[in-house]
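In: sequence and predicted structure are below.
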Amino acid sequence: MTNPEHAAALADIERAFGAHLPLAGARLAGKTALISGAGCAGEVLGTGAAMAILFAAQGCDITVFDIDRTRAAATAALIERFGGRAQLVIGDVRSDADCAAAVTASVDRFGALDFLINNTAVARPGGIAVVTDVDWNDTIDINLSGVMRLSRAAVEPLAAAKGAIVNIASIAGQLGFGVIAYAASKGGVIAMTRDMAVTLGARDVRVNCIAPGHIATPMGGAHDLEKRAMRRKATALETEGSAWDVAWAALFLCGPEARWITAAILNVDAGSTARTTVNALQGLP
Ligand SMILES: NC(=O)c1ccc[n+]([C@@H]2O[C@H](COP(=O)([O-])OP(=O)(O)OC[C@H]3O[C@@H](n4cnc5c(N)ncnc54)[C@H](O)[C@@H]3O)[C@@H](O)[C@H]2O)c1
């Protein structure tokens, strides 16, 4: 980054949002990404906003697709502060028309679509005894069908660009948390990643999935300090992840270093899914 004002603005963003590494680079120079659920909620960064900022700082043009205009505009404003290019598309992943509009806007404004990041999700509480039809249907519609809809809309431009999809699932798709609709949706995203990868491989589109563990984001209860201390203990590294950890993994999966990686499910969870609960309860490794 040669412009000193832009470099200073990016350094401010890194400080404000606790980035553990400098974000600037040219790994995605000349590329374009459509990131769903990339709105920024305030002082704590969600994974979509972190991916949008990191990708933009690495030279990628960003289409921020979110249902919430204020949140989407906040992410785009951060990107523009350091000289990145971002456009907003306000829409709902439950709508085929909105998904198509987001893809078209990306191609029209930036000339192509290289990467699709399916990050949108909602988390509704409740296990099998209490889950309501409304919560079940909404969660599946947004978290699972939304990934299918936006990916389907993006197939042709992604194939033209020999691009990549990264789906954001969760370790809740692999372990029981007592949130049945969310778990089913995320397990479905993991299954769908493999299915999409085998279908789209022949068209030179790679499809991978990140399953984040307990990270501090607006959805991940960043303000509950007691919960955060417990979450640290549940990991092998005894640390808590942030949205940046997911963003760096997504950058790798989109970049040329990952050209032979497709259908992978990458847990970004500090080893929490590798640890037995019995050991964790006893304070053993
Ligand atoms: N936070 C965690 O601990 C954690 C753990 C594992 C996985 N994840 C996954 O990471 C992703 C992002 O999580 P986060 O904590 O950053 O979430 P977040 O709530 O900060 O961001 C989600 C965004 O999606 C948008 N959105 C909601 N419904 C939408 C819809 N119908 N159409 C379009 N946009 C919509 C929201 O406005 C918001 O900006 C999700 O897929 C989540 O399941 C998070």
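Out: Structure received.
In: any idea how far residue 29 is from the residue nearest the centre of the chain?
Out: Residue closest to the mean C-alpha point of the chain, counted by CA atoms, centre = their mean, is residue 119 at 3.8 Å. Here residue 119 is placed at a distance of 22 Å from residue 29 (CB to CB, to the nearest Å). Bear in mind the C-beta positions are built from the backbone N, C-alpha and C, glycine included.
In: over to residue 154?
Out: 21 Å.
In: neighbour-wise, which of those two wins?
Out: Neighbour count, other CB atoms under 10 Å: between residue 154 and residue 29, residue 154 has more, with 25 against 9.
In: isn't residue 218 up against residue 49?
Out: No: using CB atoms under 8 Å, residue 218 makes no contact with residue 49, being 9.5 Å away.
In: quick one: which of these two has more around it?
Out: Applying other CB under 10 Å to residue 218 and residue 49 shows that residue 49 carries more neighbours, namely 31 against 18.
In: joint contacts of residue 218 and residue 49?
Out: Common neighbours of residue 218 and residue 49, counting by CB atoms under 8 Å, 6 or more residues apart in numbering, are residue 41.
In: how about the residues of the stretch 1-150 of the chain near the ligand?
Out: When proximity is defined as CB under 6 Å from any ligand atom, the stretch 1-150 of the chain approaches the ligand at 36-37, 39, 41, 46-48, 66-68, 71, 92-94, 119-122, 142.
In: which ones among the residues you listed map onto strands?
Out: 36, 66 (DSSP state E).
In: just the buried subset of the residues of the stretch 1-150 of the chain next to the ligand, written out for ChimeraX, thanks.
Out: Of these, the buried ones can be selected in ChimeraX as follows, counting by 16 or more other CB atoms under 10 Å:
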select :36,37,39,41,46,47,48,66,67,71,92,93,119,120,121,122,142
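In: leaving out sequence neighbours, find the closest residue to residue 142.
Out: For residue 142, ignoring the flanking residues on the chain, the nearest one in space by CB to CB, 6 or more residues apart in numbering is residue 122 at 5.3 Å.
In: next: residue 146.
Out: Among residues not flanking residue 146 along the chain, residue 93 sits closest, at 3.1 Å (CB to CB, 6+ apart).
In: what sits against that neighbour?
Out: With CB under 8 Å, 6+ apart, residue 93 has these contacts: 36-37, 65, 67, 99, 120, 142, 145-147, 149-150.
In: turn those into JSON lines, including pLDDT.
Out: Formatted as JSON lines, these follow (pLDDT from 0 to 100):
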{"residue": "36", "pLDDT": "98"}
{"residue": "37", "pLDDT": "98"}
{"residue": "65", "pLDDT": "98"}
{"residue": "67", "pLDDT": "98"}
{"residue": "99", "pLDDT": "98"}
{"residue": "120", "pLDDT": "98"}
{"residue": "142", "pLDDT": "98"}
{"residue": "145", "pLDDT": "98"}
{"residue": "146", "pLDDT": "98"}
{"residue": "147", "pLDDT": "99"}
{"residue": "149", "pLDDT": "98"}
{"residue": "150", "pLDDT": "98"}
